[in-house]
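Student: Fold the following, please.
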Amino acid sequence: MSNMVRFFYHLARLLNDIEKLSSSDPKKIARRIKNKVIGRKIGSKIYR
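Tutor: So this is what the prediction gives:
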């Protein structure tokens, strides 16, 4: 069950990335990239 939940969570994140890139709005794309970088930096420190 957890594998299925993980799969759908990753799929939702991927679809959100595709949606932001396909919008061709530079502000949305930049904000998405910034938030992914910040989230990875904070997440790696929390889950150590």
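Student: For the chain, give me the ranges with low pLDDT.
Tutor: 48 (pLDDT under 70).
Student: For the chain, which segments are assigned as helices?
Tutor: Remark: helices assigned in the chain by DSSP state H are 2-22, 26-46.
Student: Next, format these as CSV and append mean neighbour count.
Tutor: Placement of C-beta: from N, CA and C, glycine included. Listed next are the helices of the chain as CSV, based on neighbours: other Cβ atoms under 10 Å:
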stretch, mean neighbour count
helix 2-22, 10
helix 26-46, 11
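Student: what are the phi and psi values for Ser23?
Tutor: The phi and psi values for Ser23, taken as degrees, to the nearest 10, are phi -70, psi -20.
Student: From Ser22, how far out is the spatially closest residue to it that is not a sequence neighbour?
Tutor: Sequence neighbours aside, Ile29 is the residue nearest to Ser23 in space, at 7.5 Å (criterion: Cβ to Cβ, 6 or more residues apart in numbering). From Ile29 across to Ser22, the span is 10 Å (Cβ to Cβ, to the nearest Å).
Student: Please apply the same query to Asn3.
Tutor: Distance check for Asn3 against Ser22: by Cβ to Cβ, it reads 28 Å.
Student: Next: Ser2.
Tutor: Distance from Ser2 to Ser22, by Cβ to Cβ: 30 Å.
Student: if I read this right, Lys28 contacts Asp17, doesn't it?
Tutor: No: counting by Cβ atoms under 8 Å, Lys28 does not reach Asp17; the two are 10.9 Å apart.
Student: can you dump the C-alpha coordinates of stretch 28-36 into CSV?
Tutor: What follows is stretch 28-36, C-alpha atoms only, in CSV (Å, rounded to 0.1, in the frame of the first residue of the first chain):
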residue,chain,number,x,y,z
LYS,A,28,5.7,30.4,-12.1
ILE,A,29,8.6,28.4,-13.5
ALA,A,30,11.1,30.3,-11.4
ARG,A,31,9.0,30.0,-8.2
ARG,A,32,8.6,26.2,-8.8
ILE,A,33,12.4,25.8,-9.2
LYS,A,34,13.2,27.9,-6.2
ASN,A,35,10.7,26.0,-4.0
LYS,A,36,12.1,22.7,-5.1
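Student: Kind regards, and thank you for your time.
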